[in-house]
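[1] The following block contains a protein sequence and its predicted model.
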Amino acid sequence: MDQGWRSALGIVCHRYFRSDENIEWMLVGSAGSVLQGCEMDPGDVDIYVKRKEDVSRFAELLSEFSLPNQDNQTNSNDWYSTKGEAVFHQTFPSGFSWSKARWNINGCDVEVVHISNAAGIPDSLTGDGIWEGGQYIWSHFKEVKAGEYTIPAVPLEIQLESNLRRKRGDRVEAILNALKTNGYDRELITKALSTQNLAKFNKEMQTI
């Protein structure tokens, strides 16, 4: 694997697969998109874990990359795991809460996250669409190749819904191009997309 995000992901995979851990985790975000055929330039590596305690378990595996001290880190956007505080817990006024660990590995940020309270973000199999950070991703993962490793990633069908919600036109276009080129899971796309976005998707596919 080359430098940057691929190198960082390779290190994470090496540490995980050589351990005795059995963690339910999934690659999300643009790195996961690229490994499924999208044309993007990931700036970081994002991993979700199913259970809160699994953030700490990943932090143990990657402890060598934790900073030696706090260094007055007060903003979550600037926070990195340290030897004394490997996991950061945060709750927002909306009620949204998460736990995360974060490192800089070979010049690339790597973040492991568990979401405890989605605070009402739409997430369903019937009409609202599947949220990339929600409960339904765990039964709809896709195995992708990351160098010598095979790892679970959130499928593009689900990533499409999340990026449509975020109005990330650049990523939406890249995902649509990959789905047009490589095909897609029709059953999953009908679950993953909200009713409104599914109509848009069907119209887009008719232009092929």
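    Arrived safely, thanks for sending.
[2] Pick out the residue closest to the middle of the chain.
    The geometric centre of the chain, computed from its C-alpha atoms, lies nearest to residue 28 (CA atoms, centre = their mean), at 1.9 Å.
[3] Can you name the residues that contact that one?
    46, 47, 48, 132, 133, 137, 153, 154, 159 (CB atoms under 8 Å, 6 or more residues apart in numbering). No exception for glycine: its C-beta is placed from N, CA and C like everyone else's.
[4] ok, of those residues, which one's closest to residue 176?
    Nearest to residue 176 among these, counting by CB to CB, is residue 159 at 10.9 Å.
[5] All the helices of the protein, in order from the start?
    Taking DSSP state H as the criterion, the chain contains helices spanning 5-17, 29-34, 53-61, 156-165, 169-182, 186-192, 195-205.
[6] picking that back up, quick one: the contacts of residue 28 as a markdown table, columns for pLDDT and neighbour count too.
    Shown next, in a markdown table, are the contacts of residue 28 (pLDDT from 0 to 100; neighbours: other CB atoms under 10 Å):
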| residue | pLDDT | neighbour count |
| --- | --- | --- |
| 46 | 98 | 22 |
| 47 | 98 | 28 |
| 48 | 98 | 27 |
| 132 | 95 | 26 |
| 133 | 94 | 19 |
| 137 | 96 | 24 |
| 153 | 98 | 24 |
| 154 | 98 | 26 |
| 159 | 97 | 28 |
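[7] Compare the helices of the chain and give me the one nearest residue 112.
    Among the helices of the chain, helix 53-61 sits nearest to residue 112 (CB to CB), with 4.5 Å.
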